[in-house]
Each structure stands twice: as structure tokens, then as C-alpha cells.
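Enquirer: pasting the sequence and the predicted model now:
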There are 2 protein chains.
Amino acid sequence: MSREVTPIANQLRARGMRVTAARHAVLEWLADNPHATVEHVHDGIRQRLGSISKQAVYDVLKACLEADLVQQIKPAGHPARFERRTGDNHHHLVCRRCGRIEDVDCAVGARPCLNPDHDHGFEVDEAEVMYWGICGACRTAATNAPEDDHSRQ
Amino acid sequence: MSREVTPIANQLRARGMRVTAARHAVLEWLADNPHATVEHVHDGIRQRLGSISKQAVYDVLKACLEADLVQQIKPAGHPARFERRTGDNHHHLVCRRCGRIEDVDCAVGARPCLNPDHDHGFEVDEAEVMYWGICGACRTAATNAPEDDHSRQ
DNA sequence: CCGATAAACTTTAATGAGTCAAGTTTACGA
DNA sequence: TCGTAAACTTGACTCATTAAAGTTTATCGG
């Protein structure tokens, strides 16, 4: 394949990573579809690439995670989700029912409770804030046909 | 068995729950051993009860969870942990390596960032704050024999 | 106190997300 | 264009948790 020069390809090269079809597709697709699960990403890029294994998606996401090109959110009881937005200390709103996620910029602004009162000898490197609730779709659906998956709005 | 009258038995009855040996043992043991995994609880009470299935531990914890007698913490990538302290809005400090958990009373006091700037149509009922880091034991161990489990101090 | 019965417990099987490992293909520097 | 390490494919496997079917037991009404 001839040397690609898209912004995404450049971001990869800037970090010393190889530019592959899988990586390019995942990053491009994720830019348009934030908070996607591995399943979502897999389905999404399969249409563009023809075929790709789920393991490859795991590998790509892991590599991009370590290179700080994507960020991971792991809500308790739901599969992990991924987004391209990184390093800006925003938080997440999670639907208990369907796992759907929305971004929230914390009201308190600059890293509110980042410093615990007592660190118990830990070396703390992150304060994670997660809001839990029920999304609109699930709330209205609860009155009709419960238990659907509204995570892709 | 003759009707038990311990505080724990009373707490169970107050919620209309049956008082069983398993429930009594789990709650009693958990009071002395906060932040325990299902595994820990199982091991802990087996000594007192002679024998109990792990499934029973899951069932007991689930029932007590719904009755608000225990609280659950599910750190990403680690098995769930349980504690008796409930409803006082304290947060947790988690060791990335061994999963060990410590309590922290948030520095900002009264539910700091409980209200996100925009609720995206969600009905928000909880703001969860989790601090991540490496505990002292894991930090010192990292220089000698890495990858041990220091979660039970 | 005794028997009925629904709730708890036991055992075994299944699920679902994620990891591991061996072999094949591919990007890319020499 | 070739060699090689990195990336991908396939398939097996782990681990925490849930599910389902059958047995035991706490509690209530007599």
C-alpha cells in the first residue's frame, strides 16, 4: 500500500506506530462514534474493511490506548467503551439500564475532588467521576417494552 | 433453630428478610472485613459455618445489596468488593495492581460534583468518585517480586 | 409443637467480556 | 525488493458472574 498521508496516519506515525488499514479505520470510525464498545467498533469498521477479526479490534484499541490516542471507560457491569477525546478531564454519565454514555464537563471545573483527604500510602494518579442514572430512552421504554438496548440512541 | 436476637438478626427482620446462618455469618464477617471480594467472604465464613457454596454467598450479598445492608464497589478490571458502610457518600481509593481498596471521605465534603452541568435527559441518582493509584505494598514489591496480590494487606 | 410452603441453599451448567498463544500476513526500513 | 518485526487471524481458554433445577429450612397458621 502506498504511504498514506491522512491526519490519522500522521498521528500514528508521530507515535512511531505502523499505519494499518485496521488502525486507520478504527480511529476514523471512532471519531464519528464516541463511546463505542468493541462490538460497536467491530461492526462499524467491518463495513469499510470487508472483514476484520474482533481480536484485531482489541489489539488496535489496546495499542491506541497505550499511545494515548483513545481513552477507555469501563462502567461496572457493562462492556468497556472507547472514545477519541483524551486528556481533558471530562467525566461520564452512564445509563444503568443500557450502558449508554454521555460526556459531562464537571460543574466544579478544574479537577474537583482530585486530592483525597488521606492517600493511605497510595500513589494516586487519577480521580474518576462517573454519574449513574437512567437515560431518556430507557425511561420511556420502561413503561412499554422493558429491557431493550437503547445504547446507540 | 431457636429464634436469634443478635443486632444482625434484627436488622434482617426489620427488612422482612429471613434470618439464616449464611446471612448472619456474611454480615458479621463483613463488618470486620470491609472491601472483601466474594472469594474473601466465602473463605472467611467457611471457617465458621463448616461449609457453604459460593453461589450462596452471591445470593446473600445480592439480597443484602437490595435491602441496603451492604454496598458494592466494582472497580474496572477487578472483581467486585463489598462493605457494610452504606449511604454516607464516601469514596474509594483503588490499587490498579492488586485491587486493594481504602475508604476516603471526599475533601470537598457534601457531595461535590453531584450535579453534572447537563444531564442529557438522564435521571441521575448517583455520582461515583474513584481514585486510582498504586498502593504502598505494590510499590515496594514492584522493585523486588512484581505481580503479587497484596490486597489483604 | 407440627406441618405446609415459599424462600434459601446446593450443585452443575452456561454466559459474556476479555486474554493468550501459535501461526500467517503485511508495513516499512535497509 | 527483501528481511524482519509488528500486526492480524483463528481458536482455545480464563474468570467473574448468572441461570436453572432440585433439595433443605425458616417461618407462619393452626
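Expert: Everything's here; your move.
Enquirer: quick one, longest strand in chain A?
Expert: strand A:123-134 (DSSP state E).
Enquirer: now the angle from whichever helix or strand comes after that one to strand B:123-134?
Expert: Using DSSP states H and E, the helix or strand that follows strand A:123-134 in sequence is helix A:136-143. Inter-element angle recorded for helix A:136-143 and strand B:123-134: 130 degrees (by axes from the mean of the first three to the mean of the last three CA atoms, to 10 degrees).
Enquirer: coming back round to it: how distant is the longest strand of chain A from the center of its chain?
Expert: 15 Å (CA atoms, centre = their mean, to the nearest Å).
Enquirer: each with direction, which strands does it pair with?
Expert: Strand A:123-134 has these partner strands in its sheet, going by DSSP bridges: strand A:91-95 (parallel), strand B:123-134 (antiparallel).
Enquirer: to DNA strand D, which of the ones you listed lies closest?
Expert: strand B:123-134 (15.1 Å; CB to the nearest atom of the strand). For every residue, glycine as well, the C-beta is placed using N, CA and C.
Enquirer: pick out the residue of chain A closest to DNA strand C.
Expert: Counting by CB to the nearest atom of the strand, chain A gets nearest to DNA strand C through A:Ala80 (3.3 Å).
Enquirer: can you pull up the most central residue in chain A?
Expert: Centroid-nearest residue in chain A, with CA atoms, centre = their mean: A:Phe82, separated by 1.5 Å.
Enquirer: pLDDT value on the nearest residue to that residue once chain neighbours are set aside, please?
Expert: Nearest residue to A:Phe82, sequence neighbours excluded (CB to CB, 6 or more residues apart in numbering or on different chains): A:Val70, at 5.2 Å. Listed pLDDT for A:Val70 reads 96.
Enquirer: A:Val70 reaches A:Lys62, doesn't it?
Expert: No - counting by CB atoms under 8 Å, A:Lys62 is not a contact partner of A:Val70; they are 9.6 Å apart.
Enquirer: those two: which is more packed in?
Expert: The residue with more neighbours, out of A:Val70 and A:Lys62, is A:Val70; 24 against 12, by other CB atoms under 10 Å in any protein chain shown.
Enquirer: so how far is A:Glu83 from the more buried one?
Expert: Using CB to CB, to the nearest Å, one gets 7 Å for the distance from A:Val70 to A:Glu83.
Enquirer: what's the answer for A:Arg15, then?
Expert: 18 Å.
Enquirer: neighbour count: these two, which is higher?
Expert: Neighbour count, other CB under 10 Å: between A:Arg15 and A:Glu83, A:Glu83 has more, with 19 against 13.
Enquirer: what is that one paired to in the beta sheet?
Expert: A:Gln71.
Enquirer: any weak-confidence spans in chain A?
Expert: Low-confidence segments of chain A, defined by pLDDT under 70, span residues A:1-2, A:106-117, A:143-153.
Enquirer: domains for it, by residue range?
Expert: Following automatic domain parsing, one finds the domains of chain A at A:7-73, A:88-143.
Enquirer: okay, now A:Pro7: neighbour count?
Expert: Residues near A:Pro7, counting by other CB under 10 Å, number 10.
Enquirer: what segments of chain A are helices?
Expert: Taking DSSP state H as the criterion, chain A contains helices spanning A:7-14, A:21-32, A:38-49, A:54-66, A:136-143.
Enquirer: just want the angle from the first one to helix A:54-66.
Expert: Here helix A:7-14 points in a direction 70 degrees away from that of helix A:54-66 (the same axes, to 10 degrees).
Enquirer: helix A:7-14 vs DNA strand D: in contact?
Expert: No - contact of helix A:7-14 with DNA strand D is not found when judged by CB under 7 Å from any atom of the strand; the minimum separation is 8.4 Å.
Enquirer: let me see the contact set for A:Lys74.
Expert: A:Ala80, A:Arg81, B:Ala76, B:Gly77 (CB atoms under 8 Å, 6 or more residues apart in numbering or on different chains).
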